[in-house]
Structure formats: C-alpha cells, structure tokens
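Visitor: Okay, structure incoming, though there's no sequence with it:
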C-alpha cells in the first residue's frame, strides 16, 4: 500500500506519465519479421507493442525475438525470416494498465521495460515507460524532504 | 538534493543495487559483430558493456547497433558484418559511477537502461540497472508513510 502523499508526489507530473499511442511505434501481428526488424532497429527500443487490425493490443516483440530466429546451426541466416510473421515470435499475456494506478505501475515496471495502456475494449492507448516513471521518482526524491518533515511514527507495543 | 531519510530508504537493500561484473555478459571491443550479435540475442538485454583486454569499461553495444549495420539498400545483409568489430559500432562516453550515489544513479537512469560501475583504475566492477533501482523505489514508496508521518513544512514568508 502506497501512502497518499507519496502517490501525490509521484503523480504531480502525471500528464506526461503515459506516452500516447500516436507517438509509439507499433507493428501488426501480420507483419513480416524483416519489416519488424527494420522498425525495431530504427526506433531504438528493446521492444514495441503488437496490435491487431482493430488497434487492440495483443503482445510485444523485441529485437532479440527476431534475431534469435535468424540464428541457425551454421550462423546468421536472413532467409530464415521468410514466411514468418510477428505472430510467430511475439510475447503475449503482457500485463496492461487501464488507468494511472501508481502502485501497479511501479510493481510491474520492475520486470518490464514498459506497460501498455488499453481502454475498456482492449484498444491500445499508449505506454508507461521506465524512463517516465523514473522522472516521477526523481521528482518525489527531490521534493519529499523539501516539503515535508518526516516524523518517525510511534510504534505501540 | 535528496533528503537523508529518503536516501536511507532507497539504499536499505543496497547490497543488491549493483550486479557484480562476474554476473554481467560483456564483449571485448575487438570481438567481431557476429559474435556480439550472438551474445546480445542470448542475454536478452538491450545493451551490454564493452571492455578492453585489461577489463576496463570503454562503452556499450546494443542489438540495434549491430542490426543497423546489416541494413543495406536491398534489405538485410549478414555479409555486411564481416570484418567489422564491436569498436566500429559501440557507443562511448557513457556516464559511469564509482560508488552508490543515489542522486546521480536516479538522475542518470532516466536516460540509460543501466549504469556501469568502475573502480579507480576504470576497471569494470558491475552495473546498476533500472530493474534494481525500481525495486528500491518500490521499497521506498511502500515504507515511507508506514514509518513516517509526513508533516508539511511551515513556509516562512
């Protein structure tokens, strides 16, 4: 359970916490892996969201997922990507958020580089990244003792 | 400036903050790019440290750095990696830490997935990752108002 004032400090810049969908590079699950590799190498992110044709979030794909498919017994083989699509290598069952639940976001970002945000129909609306939450954490860490005296609670035995 | 109690809470599990060098996958700057690609795709990290032959930290290399070299005008070309080494694509001038300065770590991790730690001779001793700092942040966020009453400071006008 995260205290109210802690949460308030973390969310003071909350308008920036979610990067809106229109600013996030994505691929369709039907895209070929060579296309996905091109997108992934250009955006410079480890992983990007995978959507279906109705803009619903269905998984993530990372550079290493594609490169691993190219690793044959005799070395790298680009031809191995032919006829494979994003759906063949994407990771599914990714935790999503629907609103700014700081406790959930902080918890999930320990294990994932970003969290997808979806609306009530599963339509992809944006991502929360470690970068954005770390900006909030810097704000919290710097403001906390500037604004508040931290008075040790009296423990009743 | 981060307050003393905030820093204490963040560092309470500090023995885990740095992942020691022996547990971190690295490459030498003289390694070929095909080898680097193999290591990078297997470890599943976005970037890994690059060392010289005296174990000094000199830069980082990421999957996208290697894949970008394979992107020719006519598509993906593995042959483009031949005769290229890690030194040809690595990123240098990476900020390093020498001790657990929480303020510096929190600040630098906004823009980088991990921070290398080096000793006084520049020898690589480990990394601090966003994952580990986010564990500390979860600890801080959950313990803060459990241990302390946050009393608003009186502003003197």
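Guide: All right, it came through fine. Just so it is clear, the structure is predicted and the values come from calculations on it, not from any experiment.
Visitor: before we move on, which element is residue A:140 in?
Guide: Assigning secondary structure by DSSP states H and E places residue A:140 in helix A:130-147.
Visitor: ditto for residue A:150
Guide: In the assignment (DSSP H and E), residue A:150 maps to strand A:148-152.
Visitor: Might you calculate how far that strand sits from the centre of the chain?
Guide: Strand A:148-152 sits 34 Å away from the centroid of its parent chain (CA atoms, centre = their mean, to the nearest Å).
Visitor: ditto for stretch A:75-91
Guide: Distance, stretch centre to chain centre, for stretch A:75-91: 23 Å (CA atoms, centre = their mean).
Visitor: quick one, phi/psi of the spatially closest residue to residue A:100 that is not a sequence neighbour?
Guide: In space, and not counting its chain neighbours, residue A:100 is closest to residue A:14: 5.7 Å by CB to CB, 6 or more residues apart in numbering or on different chains. For glycine as for every other residue, the C-beta is placed from the backbone atoms N, C-alpha and C. As for residue A:14, its main-chain torsions (degrees, to the nearest 10) stand at phi -70, psi -20.
Visitor: For residue B:109, see how far away residue A:14 is.
Guide: If you measure residue A:14 against residue B:109 using CB to CB, to the nearest Å, the figure is 20 Å.
Visitor: So which of these two has more stuff around it?
Guide: Using other CB atoms under 10 Å in any protein chain shown as the criterion, residue A:14 and residue B:109 rank with residue B:109 on top: 22 against 14.
Visitor: Provide a list of residue ranges in chain A with pLDDT below threshold.
Guide: Chain A contains residues with pLDDT under 70 at A:156-157.
Visitor: Show me where it has its strands.
Guide: Here chain A has its strands, by DSSP state E, at A:18-20, A:27-28, A:47-51, A:57-62, A:71-72, A:75-76, A:114-118, A:124-129, A:148-152.
Visitor: Among the ones you listed, which comes closest to residue A:92?
Guide: Smallest distance to residue A:92 across the strands of chain A (CB to CB): 4.3 Å, for strand A:57-62.
Visitor: Please work out how many residues are found near residue A:117.
Guide: Counted with other CB under 10 Å, the neighbours of residue A:117 add up to 22.
Visitor: Contacts only, for it.
Guide: Residue A:117 sits next to A:18, A:96-98, A:124-128 when contact means CB atoms under 8 Å, 6 or more residues apart in numbering or on different chains.
Visitor: Burial check on residue A:58, number of neighbours?
Guide: Residue A:58 is flanked by 18 other residues according to other CB under 10 Å.
Visitor: ditto for residue A:16
Guide: Other residues near residue A:16 come to 9 when the count uses other CB under 10 Å.
Visitor: Pull the contacting residues for it.
Guide: A:132, A:135.
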